[in-house]
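Sequence first, predicted model second:
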Amino acid sequence: MQFRKKALSTLQSPEELDLPVRFARPQGRLVLAVTVAVMAVAAFWGVNGSVSTTLGAPGILTHAGGSYTLQSPIAGQVTDVLVTEGQLLAAEAPLLKVRTRQGEQAVRAVAGGRVTSLVAGVGSVVGTGEDVATLEHVKGPDDPLVAVLYVPGDGGSSIAVGARVDLTVQSAPKQRFGVLRGRVARVGRAPQTQRQISAFLGDSRLAEEFTRQGNPVAVLVELERSEHTESGYAWSSDDGPPYAVESRTPVTGAVRLPAQRPVEWLLP
């Protein structure tokens, strides 16, 4: 009965057509205006803006000529080591003296370079074809370092020559010294096998590590030089580490990829 009385009362009252109707409160109009403005800005950015992405990859600091592993052409016992790690050698320079059945003979460098590691020591016995040292192809102590990144095979095609690269150096903590600056100088045309990487780096262990997830593409990164840092290279911090960075130091690179429009990035 109560609802029926209300219905009859509504039917008997005249329609209030002369009274103004409020469609929205002032606060609601403000919210609507802000929403429309935000949507307009988002739509404009979606068409004309860009999204910057990076591609991460492991790598190593080295010299552009790479390294080679020196193998002993003779078998015998090492009686003397004539060089030290870090020493520059000319081609045919002797590294070791080995006692053989024919007498004492020298193991010589195949090509000039810098000794990065010595495997054989005095008293050790080496066989024919056994690894005794690793040498880097350098012409002098001032040859600039480069970084070689090993990017998964499907990622190499997205990297452009000249792209900026930020390198986190294992021997220089990022939180303290920042990152090393560089630019892509060359992108490999095809993925490299473990054997190819080992031949370039002169290190089968590193080659195995870089090919753990498949054959990668080698990306050569030239380091930006600076006269204001101890290392001679540009860092994201003002001065970088107070010491030189060495060849054979592991790095992790973040390569800046070409910017994409958000619409292209979001849509498949």
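Sure, I can see it. Numbers count the residues shown, from 1 in each chain.

for this structure, what spans make up the strands?
Along the chain, counting by DSSP state E, strands occupy 54-62, 67-71, 76-81, 88-89, 94-100, 103-108, 113-118, 125-126, 131-136, 146-152, 164-169, 180-187, 216-223, 250-256.

Quick check: neighbours of the fourth one in the sheet, parallel or antiparallel?
To tie it back to what came earlier, the one meant is strand 88-89. Take DSSP bridges as the rule and strand 88-89 pairs in its sheet with strand 113-118 (antiparallel).

Over to the longest one?
With DSSP bridges as the test, strand 54-62 is paired with strand 146-152 (antiparallel), strand 250-256 (antiparallel).

Run through who's touching the last one.
Yep, that's strand 250-256 we're talking about. Strand 250-256 has contacts (C-beta atoms under 8 Å, 6 or more residues apart in numbering) with 52, 54-61, 147, 149, 151, 159, 163-170, 179-180, 182, 184, 219, 221. The way it works is simple: take the backbone N, C-alpha and C, and place the C-beta from them, glycine included.

7 Å - rerun?
With C-beta atoms under 7 Å, 6 or more residues apart in numbering as the contact definition, strand 250-256 has outside contacts at 52, 54-61, 147, 149, 159, 163-170, 184, 221.

which one of the strands of the chain lies closest to residue 231?
Proximity to residue 231 (C-beta to C-beta) singles out strand 180-187 among those, at 8.2 Å.

Near the residue nearest to residue 152 when sequence neighbours are not counted, how many other residues are there?
Nearest residue to residue 152 in three dimensions, chain neighbours excluded: residue 216, at 5.8 Å (C-beta to C-beta, 6 or more residues apart in numbering). Residue 216 sits with 25 neighbouring residues when counted by other C-beta atoms under 10 Å.

how far away is residue 216 from residue 223?
As judged by C-beta to C-beta, to the nearest Å, residue 216 and residue 223 stand 20 Å apart.

circling back to that earlier point, so what's the residue nearest to residue 152 up against?
By C-beta under 7 Å, 6+ apart, the contact list for residue 216 reads 150-153, 191-192, 210.

Can you tell me which of those residues are classed as buried?
With burial judged by 16 or more other C-beta atoms under 10 Å, the buried subset of the contacts of residue 216 is 150-151, 153, 191-192, 210.

For these, work out which two are farthest apart.
For the buried ones among the contacts of residue 216, the farthest-apart pair by C-beta to C-beta is 153 and 210; their separation is 11.9 Å.

just for the stretch 51-200 of the chain, where's the confidence low?
Of all residues in the stretch 51-200 of the chain, those with pLDDT under 70 make up the ranges 51-52.

what's residue 92 in contact with, if anything?
Residues near residue 92 by C-beta under 7 Å, 6+ apart: 108-109.

returning to that earlier point: highest average neighbour count across the strands paired with strand 54-62?
Most buried of those by mean neighbour count (mean count of other C-beta atoms under 10 Å) is strand 146-152; its value is a mean of 23.

which other residues reach that one?
With contacts defined as C-beta under 7 Å, 6+ apart, strand 146-152 is touched by 55, 57-64, 159, 167, 182, 210, 213-214, 216-223, 251, 253.
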